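Student: Let's see this in three dimensions:
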Amino acid sequence: MARILLIEDSPTESAVMTQLLERNGHQVMTSGSAEDGIETCRRERPDLVLMDVVLPGMNGFQATRALSRDAETKAIPVLIVSTKGMDTDKAWGLRQGAKDYIVKPPREDELISRINELLGA
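Tutor: Modelled structure (predicted):
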């Protein structure tokens, strides 16, 4: 079981993803903004971060860059889960430090498989 931080501003999306992750044995923390998510990540040290891109204030690309460049959080893998599905979005997300990128809505088996890969499970 991994401790996963979900940074997602949609309450509906957050509830669906939380349910999916918990059903697969993970413990989930949620943040509704990038700024709060970065703070939670520093404080809680999750095993993995699931990051939305379209967020109020700072976007997910900026937050991913901040986490991947911070000495305290750079070892925590970030998996972007976004509706932004163009190849340029994926490439940019990976350049910001994300370890993987999935387009919403993710298939449950694919999401869990990618999470397990990133966690070395």
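
Student: Dihedrals phi and psi, the residue nearest the centre of the chain?
Tutor: Nearest to the centroid of the C-alpha atoms of the chain, with distances taken as C-alpha atoms, centre = their mean, sits residue 50, at 1.4 Å. Residue 50 adopts backbone torsions of phi -100, psi 120, taken as degrees, to the nearest 10.

Student: need the contact list for it.
Tutor: Contact analysis of residue 50 by C-beta atoms under 8 Å, 6 or more residues apart in numbering lists 4, 5, 6, 7, 8, 17, 79, 81. Quick note: C-beta positions are derived from backbone N, CA and C, even for glycine.

Student: Residue 84 - how many residues pack around it?
Tutor: Using other C-beta atoms under 10 Å, residue 84 is surrounded by 19 other residues.

Student: nope, residue 2 is what I meant
Tutor: Neighbour tally, residue 2, other C-beta under 10 Å: 17.

Student: Same check on the one 3 residues further on?
Tutor: Residue 5 is surrounded by 23 other residues when neighbours are defined as other C-beta under 10 Å.

Student: Which residue, other than its chain neighbours, is closest to it?
Tutor: Spatial nearest neighbour of residue 5, excluding adjacent residues (C-beta to C-beta, 6 or more residues apart in numbering): residue 46 at 4.0 Å.

Student: Wait, the one you found touches residue 1, no?
Tutor: No. Applying C-beta atoms under 8 Å, one finds residue 46 not in contact with residue 1, separated by 12.0 Å.

Student: more neighbours, the two?
Tutor: Counted by other C-beta under 10 Å, residue 46 and residue 1 do not tie: residue 46 has more neighbours, with 22 against 11.

Student: Kindly indicate whether that one is helix, strand or coil.
Tutor: Counting by DSSP: H, G, I helix; E, B strand; the rest coil, the backbone at residue 46 sits in coil.
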